[in-house]
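S.K.: I'll drop the sequence and a predicted model, then ask my questions.
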Amino acid sequence: MKTQLKVLSMYNEFKNLFADGLSKSAIARKTGHDRKTVRKYISMSEQELEHHLERISQRTKKLQRYEEFVRNRISNCIDCSAAQVEDWLKEHHPDFPRVSSRTVYSFVQLVRHKHDLPKPRVKVRACEAVRELPYGEQAQVDFGVSWMRDQHGNRVKVYFMLMVLSRSRQKFVFFTDQPVTTWFLILAMENAFVYFGGVPRIIVFDQDATILTSENYGELIFTLEFERYLNQRKFKVHMCRKADPQSKGKVENGVKYVKGNFLHGRTFQSMEQLNKESCQWLERTANAKVHGTTHLVPAEQWLIEKEHLQPYTPLPLNEHTGACYGVRKDNTVLFRGNRYTVPTGTYQGPDSRVRLKTRDGSLIIHDVNGERLATFALETGKGKLVINNNHRRERTSKIDAMEKELTGCFTNQYLAGRFLRQIRKRFPRYARDQFMLIKKTIDRQDQNLVDQTLLRCLDLQLFSGGEFKSVFHHLLGERKKHVSVSIGEYVPLMPGGELDKILLINPKQSAVSDYQNLLI
């Protein structure tokens, strides 16, 4: 698009060359302009030039009414391309006129210059050209990952598989919100074959762990799941060498195209909506515009290529069991920045795994055998711990069993139960330690002394294992003090003597009901 400055510079250049004696044809050859343009400006007077410049400044652009829309989109996505802006215009304005991509490019540059929105410079990697293959011979597959923003401004990470038919450059892209797995690859490839209307003979892959476990000097060892699929689908696999983009340059450029033209600046709504929008983008832009390398329209070339593809017949696919995730030591699983609990005991070492999948806003967790472990509502944000109380370790059953066993060590089990429940209420976190101390204190001791200790603790309102132990040893010491006669010593009993009187004394005893009434 000619600006006033360009027109003025061209006018002065033509006039100066003509004044130096060059003919109009010579000026056209020297400057590279058309001879009619040279003749037009040489014959133009200064007054006519002023009118011409004024008309240029007031001239209405074809896309003038879209200026505000383009300015807003560029402001929100400063490094977007003119091709991406063209796609946005077609997407949001069904009445967008049929203009060339060059016209849109010129208008985008005008908007950038007018509103001071320069595009940041990026480095471009150089690649070699590869000869064209026969129709239906090859397709290339690669994976991509990108961040998007949802309507609330939260970051959402999306993954995708892109397949490109090498000859026609017809593309297909399929998205997921979970890391790429073998099952996702198989599902995406099946959708691609339906979209292409056939299966290519060779598919080029990167050395990705989703399909390849090892490459022993050219001997490929696939994952078990992909090996089974390959036996059914019957296409050949070509694995690229590492760090060799030229081997699959068509799909590598396609991944950047998906990120830069489709995803960049787009708002995430749902995975279903994203896949729907991607199909519309493929039909509207990716496969409908002239390819920059072949200068042919991929959709038109695909009409030829699909006749050379192998026939497609659907395969029965097992239900997706979910992507594998590691189980942490605290029996939780990390998913999108939040931790979700699994039943205690799920973690059995560093190799513990579970399978996760999302459905209708829920997170479903299965073990590796397919048994469902838990279902959670998906949490937004980061750093949250989502707990299912049924997953927690059963802490009370063992304490209950210990309490029952300890109660049986006393003659009056009713009073013993009341005593132990008071301890448990007072020391809920240390009930086990309290019970073990009491058990150790009374182990293999005189039953009468054990029962007396219980009664004394109830009488004094002493409810702890340590106090029980102190009372027990106090009573034991008193008993030893009163019984001072050594075993085996002979003491004659004199009728009416002092010792005889002591032995005839009956000690006072409290009724058990008194303590029962006290605690009720």
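M.R.: Received the coordinates, thanks.
S.K.: the closest residue in space to residue 175 that isn't next to it in sequence in helix, strand or coil?
M.R.: Excluding its sequence neighbours, the residue lying closest to residue 175 (C-beta to C-beta, 6 or more residues apart in numbering) is residue 160, at 4.6 Å. (C-beta placed from N, C-alpha, C; glycine too.) Here residue 160 is recorded as strand under DSSP: H, G, I helix; E, B strand; the rest coil.
S.K.: please report how far residue 160 lies from residue 44.
M.R.: Distance of residue 160 to residue 44, given as C-beta to C-beta, to the nearest Å: 56 Å.
S.K.: quick one, which of the two is more surrounded?
M.R.: Counted by other C-beta atoms under 10 Å, residue 160 and residue 44 do not tie: residue 160 has more neighbours, with 24 against 16.
S.K.: tell me the bridge partners for that one.
M.R.: residue 144, residue 175 (DSSP bridges).
S.K.: against residue 178, how distant is it?
M.R.: Residue 160 is 11 Å from residue 178, by C-beta to C-beta.
S.K.: wait, residue 306 touches residue 200, no?
M.R.: No. Judged on C-beta atoms under 8 Å, residue 306 makes no contact with residue 200 at a distance of 10.4 Å.
S.K.: and these two? Which one has more around it.
M.R.: Higher neighbour count among residue 306 and residue 200: residue 200, with 26 against 17, using other C-beta under 10 Å.
S.K.: run through the residues that contact that one.
M.R.: 136, 137, 138, 139, 165, 166, 235, 309, 310 (C-beta atoms under 8 Å, 6 or more residues apart in numbering).
S.K.: out of those residues, which end up buried?
M.R.: For the contacts of residue 200, a burial check counting by 16 or more other C-beta atoms under 10 Å picks out 136, 137, 138, 139, 165, 166, 309.
S.K.: for the second one, give me its contacts.
M.R.: Contacts here follow C-beta under 8 Å, 6+ apart; on that basis residue 137 touches 166, 167, 200, 201, 202, 308.
S.K.: what about it, distance to residue 303?
M.R.: For residue 137, the distance to residue 303 equals 17 Å [C-beta to C-beta].
S.K.: which residues touch the helix or strand where residue 228 lies?
M.R.: Assessed by DSSP states H and E, residue 228 sits inside helix 224-233. With contact meaning C-beta under 8 Å, 6+ apart, helix 224-233 is reached by 182, 183, 185, 186, 199, 210, 211, 222, 237, 315.
S.K.: likewise for stretch 69-86?
M.R.: By C-beta under 8 Å, 6+ apart, stretch 69-86 touches 63, 88-89, 92-93, 101, 104-105, 107-109, 111-112, 115, 117, 119-120, 122, 260-261, 264-265, 285, 289.
S.K.: 7 Å - rerun?
M.R.: 88, 101, 104-105, 108, 111-112, 115, 117, 119-120, 260-261, 264-265 (C-beta atoms under 7 Å, 6 or more residues apart in numbering).
S.K.: what mean pLDDT does it get?
M.R.: Averaging pLDDT along stretch 69-86 yields 91.
S.K.: check stretch 479-490 too.
M.R.: 58.
S.K.: shift numbering so it begins at 55
M.R.: I'll keep to 55 as the first residue from here, and by that count the last item is stretch 533-544.
S.K.: what's the neighbour count on the closest residue to residue 68 other than its chain neighbours?
M.R.: Of all residues not flanking residue 68 in the chain, residue 95 sits nearest, at 4.8 Å (C-beta to C-beta, 6+ apart). Using other C-beta under 10 Å, residue 95 has 20 neighbouring residues.
S.K.: can you give me the strands for the stretch 155-304 of the chain?
M.R.: Along the stretch 155-304 of the chain, the stretches classed as strands by DSSP state E, counting those that start in this stretch are 192-204, 209-219, 225-230, 256-259, 266-270, 273-276, 290-293.
S.K.: residue nearest the middle of the chain, spatially speaking?
M.R.: With the centre of the chain defined as its mean C-alpha position, the nearest residue by C-alpha atoms, centre = their mean is residue 390, 4.2 Å away.
S.K.: ramachandran angles for that one?
M.R.: Residue 390 adopts backbone torsions of phi 50, psi 40, taken as degrees, to the nearest 10.
S.K.: pull out the buried positions in the helix holding residue 282.
M.R.: In helix 278-287, counting by 16+ other C-beta under 10 Å, buried: 279, 280, 283, 284, 287.
S.K.: low-confidence ranges in the stretch 205-354 of the chain?
M.R.: Scanning the stretch 205-354 of the chain for pLDDT under 70 picks out the ranges 261-262, 268-273, 295-303.
S.K.: how about 80 then?
M.R.: For the stretch 205-354 of the chain, the stretches with pLDDT under 80 are 232, 261-279, 294-306.
S.K.: surely residue 305 and residue 218 touch.
M.R.: Yes. Counting by C-beta atoms under 7 Å, residue 305 touches residue 218, with 4.6 Å between them.
S.K.: one step back: from residue 246, how far out is the residue nearest to residue 229?
M.R.: Taken as C-beta to C-beta, the span from residue 214 to residue 246 is 12 Å.
S.K.: now do residue 207
M.R.: 33 Å.
S.K.: between those two, tell me which one has more neighbours.
M.R.: residue 246 (25 against 7).
S.K.: which single one of the buried residues of helix 278-287 is nearest to residue 460?
M.R.: Set against residue 460, the nearest of the buried residues of helix 278-287 by C-beta to C-beta is residue 279 (54.6 Å).
S.K.: re earlier: of the strands of the stretch 155-304 of the chain, which is nearest residue 382?
M.R.: Nearest to residue 382 among the strands of the stretch 155-304 of the chain is strand 209-219 (20.1 Å), distances taken as C-beta to C-beta.
S.K.: for residue 506, which residues are in contact?
M.R.: Residue 506 touches residue 529, counting by C-beta under 7 Å, 6+ apart.
S.K.: which parts of the stretch 305-454 of the chain are helices?
M.R.: 325-335, 352-359, 450-461 (DSSP state H, counting those that start in this stretch).
S.K.: can you count the residues close to the nearest residue to residue 249 once chain neighbours are set aside?
M.R.: The shortest distance from residue 249 to any non-neighbouring residue, by C-beta to C-beta, 6+ apart, is to residue 226 (4.7 Å). Close neighbours of residue 226, defined as other C-beta under 10 Å, add up to 25.
S.K.: what's the answer for the one 3 residues further on, then?
M.R.: Look at residue 229: counted by other C-beta under 10 Å, it has 23 neighbours.
S.K.: what do you get for the one 4 residues further on?
M.R.: Using other C-beta under 10 Å, residue 233 has 14 neighbouring residues.
S.K.: so how far is residue 215 from it?
M.R.: Noted for residue 233: a distance of 12 Å to residue 215, by C-beta to C-beta.
S.K.: one more: residue 146?
M.R.: Separation of residue 146 from residue 215 (C-beta to C-beta) stands at 27 Å.
S.K.: which of those two has more neighbours?
M.R.: Neighbour totals were compared for residue 146 and residue 215, and residue 215 leads with 24 against 11 (other C-beta under 10 Å).
S.K.: spatially nearest residue to the more buried one (excluding sequence neighbours)?
M.R.: Nearest one to residue 215, counting by C-beta to C-beta, 6+ apart, is residue 242 at 4.1 Å.
S.K.: verify the contact between the one you found and residue 228 for me.
M.R.: Yes. At 3.9 Å, residue 242 counts as touching residue 228 under the criterion of C-beta under 7 Å.
S.K.: right, I'll leave it there.
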